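K.L.:
take a look and give me a structure for this.
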Amino acid sequence: SCFCLMSQIFRQVVRNMSTDQSLVLERSINKVQLLGRVGQDPVMRQVEGRNPVTIFSLATNEMWRSGETETSSTGDVSQKTTWHRISVFKPGLRDVAYQYVKKGYEHLVSSTGLRHGEGQV
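P.N.:
You can find the predicted model right below:
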């Protein structure tokens, strides 16, 4: 069962450092998609004076075979698990995530507008 958490793509305005100092619109994409399994049931936290946030962990796995080439797939299979801390801030969406995201379920998390290593879904 896949559950999509989506946000919007944004544009960034940057100043061109050329001699004429003209303003240039630069398109950029800041988007992350994770498909993995939930490591714990979500918790909802609220700091005094702020809106609540739903938080859960998501594990993604990377698998490869040592010694694998284009013509041969011999060797031992290795796996690396990466844990991600997902925070859902959007009103309504955080309540849906809190109610339906459960430990062990597979979910697709999609987010845009990440800053300093943490995204706001």
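K.L.:
got any ranges where the protein has weak pLDDT?
P.N.:
Applying pLDDT under 70 to the chain flags residues 1-23, 68-73, 114-121.
K.L.:
if we use 50, what do you get?
P.N.:
1-19 (pLDDT under 50).
K.L.:
quick one: the strands in it, in order.
P.N.:
Using DSSP state E, the strands of the chain run over 4-5, 12-15, 23-26, 31-38, 43-45, 53-65, 77-88, 106-112.
K.L.:
nearest to residue 95, of the ones you listed?
P.N.:
strand 53-65 (7.5 Å; CB to CB). (Glycine included, C-beta is placed from N, CA and C.)
K.L.:
in the sheet, who's paired with residue 32?
P.N.:
residue 111 (DSSP bridges).
K.L.:
wait, it touches residue 113, no?
P.N.:
No. Using CB atoms under 8 Å as the test, residue 32 is too far from residue 113 to be in contact (9.9 Å).
K.L.:
about what we covered before: single out the most deeply packed of the strands of the chain.
P.N.:
strand 106-112 (a mean of 18; mean count of other CB atoms under 10 Å).
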